[in-house]
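Engineer: Structure here, sequence nowhere to be found:
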């Protein structure tokens with residue numbers, strides 16, 4: 001059984017009296033433990049798709065089913081609870097709080113948890129250790145390199161042990177060597193059983209993943225075991 005099933009997903013926006021179709025009937029499935037990249041030109045709908053998968057952007061039509069739950073049939077509070085328990089988010093711009101240490105940043109998703117403070121600290125330290133920053137728990141973001149800041153962001157995303165990790169251009173602000181290090185970390189997490197869905201503009205990142213879903217004009221035009229960017233009309 002698929003962990004994620006997307007059926008006839010559509011998303012429309014109204015801008016200046018005009019209707020923009022960001023997603024036009026997207027269908028695909030993702031199995032538990034897969035590492036999937038979503039690629040496409042700017043405006044293809046990939047970031048919109050990720051936000052819909054993340055439960056933060058209601059679709060205009062279609063269904064998003066995760067672990068047997070139809071996401072957008074949940075009332076607001078239940079949807080927020082589902083996100084907190086099952087989804088982790090990694091962003092291109094890190095979104096770290098500058099005056100909080102690495103440890104404190106990683107603890108943020110645990111703020112609503114009923115765990116005791118000691119348990120939260122242990123969970124945050126464990127997450128930082130998993131991303132190779134166990135010795136830098138007390139560093140502020142400006143005392144860390146770009147790659148280390150991204151690792152803190154990943155630790156924050158996995159501190160709740162989510163079923164699904166969603167990453168939006170996680171290497172977009174990194175140089176190629178640091179990007180490779182971060183992608184190797186994602187691959188390591190995936191090898192440990194983490195399901196990962198990542199939006200990226202960089203075809204080299206596909207070397208680390210299992211499948212590539214390619215979007216164009218809000219539609220799936222490729223779903224392959226490797227990057228077929230030319231076939232899909234996607235040009236870097």
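Structural biologist: Arrived safely, thanks for sending. Model, not experiment: these values are computed from the prediction.
Engineer: What sits closest to residue 97 if chain neighbours are left out?
Structural biologist: residue 105 (5.8 Å; Cβ to Cβ, 6 or more residues apart in numbering). Bear in mind the C-beta positions are built from the backbone N, C-alpha and C, glycine included.
Engineer: Any buried residues in the helix or strand hosting residue 188, and which?
Structural biologist: Assigned by DSSP states H and E, residue 188 falls within helix 176-191. Neighbour-count burial for helix 176-191, counted by 16 or more other Cβ atoms under 10 Å, picks out 178, 179, 180, 181, 182, 183, 185, 186, 187, 189, 190.
Engineer: which one of those residues sits closest to residue 56?
Structural biologist: For the buried residues of helix 176-191, the minimum distance to residue 56 (Cβ to Cβ) is 21.2 Å, reached by residue 186.
Engineer: How much space separates the closest one from residue 24?
Structural biologist: 29 Å (Cβ to Cβ, to the nearest Å).
Engineer: Helix, strand or coil: sort out the closest residue in space to residue 95 that isn't next to it in sequence for me.
Structural biologist: Take residue 95 and drop its neighbours on the chain: the residue closest to it by Cβ to Cβ, 6+ apart is residue 153, 6.9 Å away. Following DSSP: H, G, I helix; E, B strand; the rest coil, we place residue 153 in the helix state.
Engineer: Could you report the neighbour count for residue 153?
Structural biologist: 25 (other Cβ atoms under 10 Å).
Engineer: Hmm, residue 96 and it touching each other?
Structural biologist: Yes. Between residue 153 and residue 96 there is a contact under Cβ atoms under 8 Å: 6.5 Å.
Engineer: how about low-confidence regions in the chain?
Structural biologist: Scanning the chain for pLDDT under 70 picks out 1, 226-236.
Engineer: where along it do the helices fall?
Structural biologist: 46-53, 76-86, 102-107, 117-130, 146-158, 176-191 (DSSP state H).
Engineer: Give me the angle between the longest one and helix 146-158.
Structural biologist: So that's helix 176-191. In terms of direction (axes from the mean of the first three to the mean of the last three Cα atoms, to 10 degrees), helix 176-191 departs from helix 146-158 by 20 degrees.
Engineer: packing partners for helix 176-191?
Structural biologist: strand 35-39, helix 146-158, strand 195-199 (3 or more Cβ pairs under 8 Å, 6 or more residues apart in numbering; DSSP states H and E).
Engineer: measure the residue nearest in space to the middle of the chain to residue 74 for me?
Structural biologist: When Cα atoms, centre = their mean is applied to the chain, the residue found nearest the centroid is residue 166 (1.5 Å). For residue 166, the distance to residue 74 equals 17 Å [Cβ to Cβ].
Engineer: can you check residue 146 too?
Structural biologist: 36 Å.
Engineer: In contact with residue 142, which residues are there?
Structural biologist: residue 98 (Cβ atoms under 8 Å, 6 or more residues apart in numbering).
Engineer: Next one: it from residue 87, what distance?
Structural biologist: 28 Å.
Engineer: For residue 2, which non-adjacent residue is spatially closest?
Structural biologist: residue 29 (4.0 Å).
Engineer: List the contacts of that neighbour.
Structural biologist: 2, 4, 5, 6.
Engineer: So what's the residue count around the third one?
Structural biologist: A count of neighbours around residue 5, defined by other Cβ under 10 Å, yields 16.
Engineer: Much appreciated, bye for now.
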